[in-house]
Every structure is written in structure tokens, then in C-alpha cells.
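S.K.: structure of the sequence below:
(chains A and B)
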Amino acid sequence: MSRAFAAAAALATAFPSAAQLAAQPSPRWGALELSLSGYRPSIDAEFGGRASPYQAAFGGSRNIMFRADLAYALIADHGSLELGFGAGYWEKYGHGFELSGAPSSDPTALKIVPTRISLTYRFDVLANRYRWLPLAPYARLSLDRYWWWVNDGSGSTANASGKPGYGATNGYSFSAGVALDLGAIDPDLAGEMDRDTGINHTYLFVDFTKSYIRDFDSSRSWDLSDDRAVTVSGGLLFAF
Amino acid sequence: MKIDGPRVRSAARRLIVLACVAFTPALASAQTITVTESNDTDGIINAAECNNAPVDKLAFEWTVTSASSAYDLYVSDVAGCPIPSSSANSDAHTQAFATNIGQTSWNGGDTAAKLLDLVSIACTSSHSALFVCAFPTGTNTTAVATASVQLDLASAPAPVALSASAGDGSLNVSWELGSGSADAGTTGSANSFRVYYAPTADPTNEHHVTCTGSSTTSGRATGLTNGVEYVVTVAALTLGGNESARSNQLTGTPVYVQNFWRLYESAGGQEQGGCATGAGGLAVLAAIAPLALRRRRRRP
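M.R.: From the prediction side, this is the model:
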């Protein structure tokens, strides 16, 4: 009898209570990031001021680039080290020109699908431990490949002197940013969301990226790096 | 004799339910007659089909909940195909066009033009539907199956062509909806538009492109020769395909256009197009892969 009691007591101490279980976050294994940023490629930089075909066709404004990244957590208990893959979309419409130099009624467009493999370290140890410090700074190294194509007036892929108006340009980029854990606003609601969906944390983030998308300085490739020194991105990050 | 109230009420309820089940077929509403056209598959009789040019033969197929040995098919300008009398439906036009049909389908070569003529619907009228009903042979009061065939007899007003600007081997044409009544006296709604184009020097060599959308006000004629002048007109089409009168004529001449890719190339840009080798990317991938494998091995 005493043995049975001892066994029961051992079991009771070995397993956490229901209340304790409810308070435990679900296991971490990855993250989904949705972001928006302004973007304008540095295509005209190639000409050193001698020409500006991008400016002529599309003007000087920036368009929004959308990205979605899915990451797998390599390390999750000493901060988060994540290996991710991301893809997005960006497009810009403008107009062509007649040989006389007059603007044409024919539209033209540049469309880009940016993809990347990234390695991100997010220092979320303090944010996980202290509600009053819900910030998680992070840094990211990305290998980028921008798939692009140019449309002519009929919407077909353009062609110039036999060269196809589509391709892909490789590069790399560095990012640094900070994520605000929205769970700090209402931890009970965040816990309920974790139990219902497995999402441990929902972050609002902003980051700064320096990109070099020019086929590692190939002389036969254009420059799709952002024309600003640093690209500012923002969005939502779901850690699960 | 003692009457058990609850038992009587229960039995009455059962009887009512049984009666409902037993009489359901008799009370069921008329089934649908499927009408197919020989000329097209839109299920709409348009002005041309009304005028028998082209000939549009109609075929009918129906189901019934309670079979009869034979059926009569009626056509009418009123739903339900009522037989007009001095006191009821005196304005209705209802005529039998096929009788004593020993099956639930009929393909006797009756044209849309013939059926419309039977019920005095003119091809310039504003009627919106033609009704077909199947009755058990010898009766004409309760149809066992019915159909409503949409009529689209009016054409839209001619659009007003606004511009035909030069594109690369193309003309970008814009227009606005016409106003007023069409030539038939009634006005149909534009559902799509046709842009007609032909070389000014060879007007018989005409082609067209169809632009869908009732609110569309621009289209693009492609496959043209740069430097050749073309005459352009626009017509509106209704849902059933009635074509309006042509718009005013415009002329335009396609020209060579430098899209962005051509602009880049002519400025001396070095990008060659096609996919980069991506050797750098493969190298980084090779460096990252061991990290992922290491993490996987650690897991129990």
C-alpha cells in the first residue's frame, strides 16, 4: 500500500498540474513573417548619370514590395536562430517612348519576385522572460535571388535585339531590426492564442536592410539593390 | 364509448403526415424544360435569331414527377402558358406547336423565329422572355414542365470613338458609351465591345478584337504593321450578341515603341536577360545546410 502511495506521489510530482500545463507555451519550431517595404531598383546607377532609362519609363516614385518568409528554428531556447525562405512581389508600371522621344500610349512594366534564404538571430530571451521588456532585437543575413521580367505594351515579355526581357539576379543583404512582442499588451489573450493556434508570440517589427542585388558585381548584370542606402521594412512576425 | 383524446390527436397527426407524403408528387411544382439552341449555347434568342438569320433551331427536354403517356408543347408570351379567354389572360398569346409527344424530349426543328411568330412577338419588341410549357396531351391547364427562354432583341446605341493612339504594332483605342435609342426603337445594354480595324488603303481587310465588360471603354488592336495607317470603328454588343451600329471612324498609325527593356538596352545597359548562374547562392546554401542537419540530429 505504501509502495502504491509512493508511486502515485511520484507521478503527481513528475507531471505538472493542469494549471501549470495551461501556462506553458507550446513548443517552438519556426516563424512566419509578413512584411511591406518601399522599393525602387538602382538600375540607373549603372549609367553613372549618362542615362536614366528607369527614371524615364517609371519615374522617381517607390512602390510597395510585399514579402512572406517562413523560417525553421535551429535554436529556440537561447534566443531564436532561424533558417528561412521568403518570397514576395513588386511591380511598377510606366510608359514607353516613340523614337521621336514622345511618350507613347503603350504601357511598360517591370515586375520582380524577390526570393531569399535567410539566417536570422533574434534575441528574444528577455522578451520571453520579462513582460515589461517586450522587445526582441534581431539581425539577418540573406542570400537573395530576384526573378524579374519586363512587359511591353501588349503585356507580353519584352525583347530587345534578341535579348529576352526576363531573368534573375542574385545578391545578398544584411538586416537589423527590432520586434515588439504584442503579447505583452495582454498576456492572457496571447496565452489563449498559443493554446488555440500554437502561435507563441506575435511581433510587430521594423527593420533596416542594406542590399547588394547585382550578381556579385557582375559587369553583365543590372543593379536591383534598393536605390536608398537602407530599406525600411515593417510587418508582423508570428513565432510558433 | 370513451374517447382517448391524446391518442386521437396522435392518429390525426400521423394521417396528416401520410397524406402529405402520398400527395407530394401531385402538389409538386412544374419541372424545368431544358432548351438548347442550334446556333449557339448562350440560351438567349437575339435579334438575328429572331429574324431567322441565322436559323436557330430549338430542342426541348424535360422531366416530370408523374409520367403521362404523351405531352403537348405550348409556347406563350406569358409565364405558365395560359389559354386566353374573354375573362382571363385575354392579352396572352399561347399556341401549341408540338402535340402528342410520346417521350420527354422534342427536337422537331422548330426555329426560334417560328415560335416567336406564333405568339406575335416582333423582333423589335421589348419582350424579355418566351415561355414554353409541357402539358399532358389533351389538357392545357396545369403544365408539368416549363421553360423561360431569355429574349434579347434590342441593340445598344452606337459608341462614340474618342481616340486611336499609336502603340507598337498596335492601336490603343478608347470610346464612350453611346446615348439615345438604337435603330430598333428600343435600347439594349452594352455587354461588350468590338474594335474593328482595317488598313486605310485596304478597307475590306477588316478584323476585330472583342473587349468584354459592360463598362469597358478602351481596347487594343494588335498585330498591326508599324507605319501603316488604319481605320478604326467600335461597336457595342448586348448580352445576346446584338451588335450596335458602328461608331464614328478614327484613323491611327502604329509606331515602333521603346518599352523599358528597349530603353535600357539602347542606353547601353549591360544586363543580358536570362537567368544568372547563381553560383554564389549555391555556395551559401552549401554553407547553411550543415546547420540544419546538425539541428535535426540533436532531436531524439
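S.K.: is chain B contacted by stretch A:107-121?
M.R.: Yes. Between stretch A:107-121 and chain B, judged by Cβ under 8 Å from any Cβ of the partner chain, the touching residues are A:Thr108, A:Ala109, A:Leu110, A:Ile117, A:Leu119. (C-beta placed from N, C-alpha, C; glycine too.)
S.K.: once you drop chain neighbours, what's closest to B:Gly178?
M.R.: Distances taken as Cβ to Cβ, 6 or more residues apart in numbering or on different chains put B:Pro157 closest to B:Gly178, at 3.3 Å, once the chain neighbours are dropped.
S.K.: after the lowest-mean-pLDDT helix or strand in chain A, which helix or strand is next?
M.R.: Using mean pLDDT, DSSP states H and E, the weakest-scoring helix or strand in chain A turns out to be helix A:18-23, at a mean of 44. Once the chain leaves helix A:18-23, the next helix or strand it forms, by DSSP states H and E, is strand A:30-39.
S.K.: for whichever residue of the stretch 101-250 of chain B sits closest to chain A, which residues are in contact?
M.R.: Minimum separation of the stretch 101-250 of chain B from chain A (Cβ to the nearest Cβ) falls at B:Ser165, amounting to 3.9 Å. Neighbouring residues of B:Ser165 by Cβ atoms under 8 Å, 6 or more residues apart in numbering or on different chains: A:Ser105, B:Leu171, B:Asn172, B:Gly252.
S.K.: please apply the same query to B:Phe131.
M.R.: B:Val75, B:Ser76, B:Asp77, B:Val78, B:Ala79, B:Gly80, B:Cys81, B:Thr146, B:Ala147, B:Ser148, B:Val149.
S.K.: hmm, back to that, closest one to B:Cys50 out of the residues of stretch A:107-121 next to chain B, please.
M.R.: Top of the list for closeness to B:Cys50, among these and by Cβ to Cβ, is A:Ala109 at 45.1 Å.
S.K.: is it true that that closest one touches A:Gly94?
M.R.: Yes. A:Ala109 is within contact range of A:Gly94, at 7.2 Å (criterion: Cβ atoms under 8 Å).
S.K.: shared neighbours of those two, anything?
M.R.: Each of B:Phe260 lies in contact with both A:Ala109 and A:Gly94 under the rule Cβ under 8 Å, 6+ apart.
S.K.: not counting sequence-adjacent ones, nearest residue to residue 176?
M.R.: This is for chain A. Sequence neighbours aside, A:Ala139 is the residue nearest to A:Ala176 in space, at 5.1 Å (criterion: Cβ to Cβ, 6+ apart).
S.K.: should've been chain B
M.R.: Nearest non-adjacent residue to B:Glu176 (Cβ to Cβ, 6+ apart): B:Val160, at 5.1 Å.
S.K.: torsion angles phi and psi at the one you found?
M.R.: Backbone geometry at B:Val160, expressed as degrees, to the nearest 10, gives phi -110, psi 120.
S.K.: where do the strands sit along chain A?
M.R.: Listed from the start of the chain, chain A has strands (DSSP state E) covering A:30-39, A:63-75, A:80-98, A:103-122, A:135-151, A:159-160, A:163-164, A:166-181, A:201-212, A:231-239.
S.K.: how many degrees apart are the longest one and strand A:80-98 in direction?
M.R.: Pointing back at strand A:103-122 there. With axes from the mean of the first three to the mean of the last three Cα atoms, to 10 degrees as the criterion, the two stretches strand A:103-122 and strand A:80-98 enclose an angle of 170 degrees.
S.K.: tell me the confidence at B:Val21?
M.R.: On the pLDDT scale, B:Val21 is placed at 45.
S.K.: ignore the last one, B:Val64
M.R.: Here the pLDDT value assigned to B:Val64 is 87.
S.K.: for it, grab phi and psi.
M.R.: Backbone torsions of B:Val64, given as degrees, to the nearest 10, read phi -140, psi 150.
S.K.: the residue lying closest to it once chain neighbours are set aside: what's it in contact with?
M.R.: By the measure of Cβ to Cβ, 6+ apart, the closest residue to B:Val64 outside its immediate chain neighbours is B:Val144, 4.7 Å from it. With contacts defined as Cβ under 8 Å, 6+ apart, B:Val144 is in contact with B:Ala30, B:Gln31, B:Trp62, B:Val64, B:Thr65, B:Ser66, B:Ser68, B:Tyr71, B:Ala134, B:Phe135, B:Pro136.
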